[in-house]
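1. sequence plus predicted model, see below.
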Amino acid sequence: MSSDLSDVQDKYNWVGALGDFFASLPDEVPSEILDAFSVIQDHGNILPPRLFYEVVEQSSIAISITDNQANILYVNQAFQNLTGYCSDELQGKNESILSYKATPKTVYQELWASILSGNAWNGILVNKRKDGSRYLAEVTVAPVSCNRTESHYFLGMHRDVTALHNLKNKVHNQKELIESVVDHAPMAIALLDMDGTVVLDNRTYKTLMADLGGREPAELILQSVNSILYGDFESACARGHDFEHQEVRLLPGPGQEARWFSCSASWIQEFDLRAESYFELHIQSGLLLVANDITRQKREQEQARINAVQALMMEQSATLNMQETLSGAIFKMQEPLNMIEAAAEMLKRQEPGQDHLYRTLKQALEAGHQAVKTLRASIPGEVSEATGPVNMNDVVRDVLNIMAARLLAEGVVVDCRPTESLPFVTGQAGKLRALVKYLLDNAIDALREPGNWQREFMIITRNNNNERIELWIQDMGPGLAPELRFKAFEPFFSNWNARRGHSGMGLTMAQQIAVEYGGEVEVDTEYNNGCRVRVSIPLDGGQQ
Ligand code: FAD
């Protein structure tokens, strides 16, 4: 045994089987081998060196050991499989044999700067195989030095990550494509996580959010849809409820017109990416919300509805005018007939000899009553309309829409203050529209009276204890004298200074309709700036 070997043996105090083994080693055993065994001893490990060799040889990672100039000393089986070279072809060759020359020089400079300063380097290189085919190599190069000598070695480990890289690029490209399609889609799209937070949205969604003054459209849509569908977002998550083509009305802000959206939502399932969920199929859900702006279609539909309502109102108005005129004529005829009747009775009592005159008066009276009867018979019947739930806010809105041209022409400003969520009244929408129109016509007429009136009126709807709906119409015209408070409801009464083309039947007819529904119309003559008319109608429309 060489003095070297005995020194090392003494130094590491090898005993037992390992001691016997070393006692038998020839003199020429390189010192690196002895150092390797010293490391094994240091770690209290007595695994045979062959085992380490086999582990490296069978590793699925391509492993190489080079000298300090990157000349290959050893390659494992995986290295040969990956590169296509056999061990003999690589011995003594530089690692640059693998370089495809598509890797920038700076990358190699970084690699070398790192390993020469004693640090490992990790990065991606473009490699080529023996057959010239290229692959992306994820490479780790680490300097390895032996204790007893000055010699330095480099350990190289690499694996083919081409497929992984392709997959990453494919996912990236698909993501870009989908994002671009989604971003340019004309409908607002948002993806919500399980907490209801928007995690992804498109350009249209962002624009809508700006239009809504920064309010989250998804939140407003879900609030609106939740009440119809399933209560709250949390229970919807739990039950996986989705919905399709739900129409939602959003109010951008004060003074701006409402917008309509057709909204659909579906739950999407994605795999849980956490390592602990690999064997269990944990699935996370997100809600994909799509909102399509249908304001234009809605407006067209609404216009068509208004046109139909207008046509119906015209028909009803013609009927009501006829009823109004004939009722007025009957009312007017009743007065002289009563006088004739009184005169005839007086004549009979006071002038018994005047039989001829009495008979003539009686004949005239009979002819008058006959005429009244004929007039009554010719009063047209009502335009048939179904009775059902009616929202007075809708009634006011329809009438204002129908009167829009007149209001514009008269330069009248309407301050409309509907109470939100008004309960329904049981009645006929057409009749209730007629009621409102009589009162609005009066309000406009009042503003046309001579004087410096503010050309404005206010309409308020109110819910009175969930029992009655109240409608207040306040104009800024000349007002009504207190003594006319009841007279104003008499047929043909008109207080206007100028001729209006109306017969003075508006309040009468409005009162008649209100009474029909168990309600009433009152005129507040004390109202400060003009006239205030209050309509009150019970929710059951007087049906109980
Ligand atoms: P080169 O002229 O050889 O080198 C390019 C630049 O690298 C030079 O400008 C210089 O800055 C630097 N450089 C090169 N050699 C040295 C050196 N001895 N000392 C200091 N700086 C130096 N390359 C691959 O392409 N694929 C691999 O899989 C790969 N595995 C490697 C494994 C190990 C263990 C080591 C040590 C190196 C490995 N290399 C690998 C790097 C390889 O040795 C070459 O540096 C590289 O391939 C570039 O070769 P080249 O002929 O194109 O240019």
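-> Arrived safely, thanks for sending.
2. pick out the residue of the stretch 401-544 of the chain closest to the ligand.
-> The nearest approach of the stretch 401-544 of the chain to the ligand comes at residue 420, 72.4 Å away (C-beta to the nearest ligand atom). (Each C-beta comes from the backbone N, C-alpha and C, glycine too.)
3. give me the neighbour count for that residue.
-> Burial measure for residue 420: 7 neighbouring residues, criterion other C-beta atoms under 10 Å.
4. Provide the secondary structure category for it.
-> Residue 420 falls in the coil class when you classify it by DSSP: H, G, I helix; E, B strand; the rest coil.
5. again with the one 10 residues further on
-> For residue 430, the assignment made with three-state DSSP gives helix.
6. list the contacts of it.
-> 309, 312, 313, 316, 383, 385 (C-beta atoms under 8 Å, 6 or more residues apart in numbering).
7. re earlier: look up phi and psi at the residue of the stretch 401-544 of the chain closest to the ligand.
-> Backbone torsions of residue 420, given as degrees, to the nearest 10, read phi -70, psi 160.
8. now residue 537
-> Note on residue 537: its backbone torsions stand at phi -130, psi 130 [degrees, to the nearest 10].
9. that one against residue 468, yeah?
-> Yes: with contact defined as C-beta atoms under 8 Å, residue 537 counts as touching residue 468 (6.3 Å).
10. mind checking which of the two has more residues around it?
-> Of the pair residue 537 and residue 468, residue 537 is the one with more neighbours under other C-beta under 10 Å, namely 28 against 19.
11. most neighbours among the contacts of residue 430, please name it.
-> In the contacts of residue 430, the most neighbours by other C-beta under 10 Å go to residue 313, 21 neighbours.
12. element containing that residue, please.
-> helix 295-350 (DSSP states H and E).
13. going by contacts, tell me the helices and strands next to that helix.
-> Packing partners of helix 295-350 (3 or more C-beta pairs under 8 Å, 6 or more residues apart in numbering; DSSP states H and E): strand 259-271, helix 355-377, helix 392-410, helix 429-447, helix 506-516.
14. got the angle between that helix and helix 429-447?
-> Helix 295-350 runs at 80 degrees relative to helix 429-447, counting by axes from the mean of the first three to the mean of the last three C-alpha atoms, to 10 degrees.
15. tell me the average confidence for helix 295-350?
-> For helix 295-350, mean pLDDT is 85.
16. any idea how far that helix is from the chain center?
-> Here the centre of helix 295-350 is set off from its chain's centre by 49 Å, with C-alpha atoms, centre = their mean, to the nearest Å.
17. rewinding a little: comparing the helices and strands packed on helix 295-350, which comes out most buried?
-> helix 429-447 (a mean of 23; mean count of other C-beta atoms under 10 Å).
18. could you give the angle of it to helix 392-410?
-> Here the directions of helix 429-447 and helix 392-410 differ by 40 degrees (the same axes, to 10 degrees).
19. helix 429-447: what's the following helix or strand?
-> strand 456-464.
20. following that next one, which helix or strand comes up?
-> Sequence-wise, the next helix or strand downstream of strand 456-464 (DSSP H and E) is strand 468-475.
21. how close does the residue of the stretch 251-400 of the chain found nearest the ligand get to residue 435?
-> Closest residue of the stretch 251-400 of the chain to the ligand, C-beta to the nearest ligand atom: residue 275 (29.5 Å). Taking C-beta to C-beta, to the nearest Å as the measure, residue 275 falls 72 Å from residue 435.
22. ok, back up a step: check what pLDDT the residue of the stretch 251-400 of the chain closest to the ligand gets.
-> pLDDT, residue 275: 84.
23. got it, and residue 228?
-> At residue 228, the model reports a pLDDT of 57.
24. how about the helices in the stretch 101-250 of the chain?
-> For the stretch 101-250 of the chain, helices defined by DSSP state H, counting those that start in this stretch occupy the ranges 105-116, 162-184, 203-211, 217-229, 233-239.
25. if you count contacts, what does the first one end up packed against?
-> What that stands for is helix 105-116. Checked by 3+ C-beta pairs under 8 Å, 6+ apart, helix 105-116 has strand 121-128, strand 134-145 packed alongside it.
26. give me the buried stretch members for it, please.
-> Using 16 or more other C-beta atoms under 10 Å as the test for burial, helix 105-116 gives 111, 114, 115.
27. wait, the last one sits on residue 145?
-> No: no contact is recorded between residue 115 and residue 145 when judged using C-beta under 8 Å, the distance being 11.3 Å.
28. who's in contact with residue 421?
-> Contacts for residue 421 (C-beta under 8 Å, 6+ apart) come out as residue 463.
29. what about it, distance to residue 392?
-> 12 Å.
30. try residue 291
-> In terms of C-beta to C-beta, residue 291 sits 30 Å off from residue 392.
31. again, but for residue 271
-> Here the criterion is C-beta to C-beta. By it, residue 271 lies 54 Å from residue 392.
32. output the below-cut-off pLDDT ranges for the stretch 351-500 of the chain.
-> Within the stretch 351-500 of the chain, the ranges that satisfy pLDDT under 70 run 496-500.
33. try it again with 80
-> Scanning the stretch 351-500 of the chain for pLDDT under 80 picks out 351-354, 382-384, 452-453, 491-500.
34. can you check the stretch 101-250 of the chain too?
-> In the stretch 101-250 of the chain, residues with pLDDT under 80: 145-151, 226-242.
35. can you list the residues of it near the ligand?
-> Counting by C-beta under 6 Å from any ligand atom, the stretch 101-250 of the chain comes close to the ligand at 101, 103, 105, 108-109, 112, 116, 125, 127, 137, 139, 141, 154, 156, 158.
36. just the residues you listed now: which is nearest residue 454?
-> Nearest to residue 454 among those: residue 103, at 82.7 Å, using C-beta to C-beta.
37. the closest one reaches residue 123, doesn't it?
-> No: with contact defined as C-beta under 8 Å, residue 103 does not reach residue 123; the gap is 9.1 Å.
38. overlap of the contact sets of those two?
-> By C-beta under 8 Å, 6+ apart, no residue touches both residue 103 and residue 123.
39. got a list of what the nearest residue to residue 456 once chain neighbours are set aside touches?
-> Excluding the flanking residues, the one nearest residue 456 by C-beta to C-beta, 6 or more residues apart in numbering is residue 413, at 4.5 Å. By C-beta under 8 Å, 6+ apart, the contact list for residue 413 reads 455, 456, 457.
40. next, format the residues you listed as a markdown table and append neighbour count.
-> Below are those laid out as a markdown table (neighbours: other C-beta atoms under 10 Å):
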| residue | neighbour count |
| --- | --- |
| 455 | 15 |
| 456 | 18 |
| 457 | 27 |
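41. the residue lying closest to residue 432 once chain neighbours are set aside and residue 529: what is the separation?
-> Leaving out its chain neighbours, the residue that sits closest to residue 432 by C-beta to C-beta, 6+ apart is residue 395, at 4.9 Å. For residue 395, the distance to residue 529 (C-beta to C-beta) stands at 25 Å.
42. I'd guessed residue 389 sits against residue 429; true?
-> No: the criterion here is C-beta under 8 Å, and residue 389 misses it with residue 429 at 9.4 Å.
43. can you list the domains in this structure?
-> 2-162, 185-293, 299-378, 388-538 (automatic domain parsing).
44. just those: most buried one?
-> Among the domains of the chain, ranked by average contacts under mean count of other C-beta under 10 Å, first place goes to domain 388-538 (a mean of 18).
45. show me how far that one is from its chain's centre.
-> 38 Å.
46. many thanks, I have nothing further to ask.
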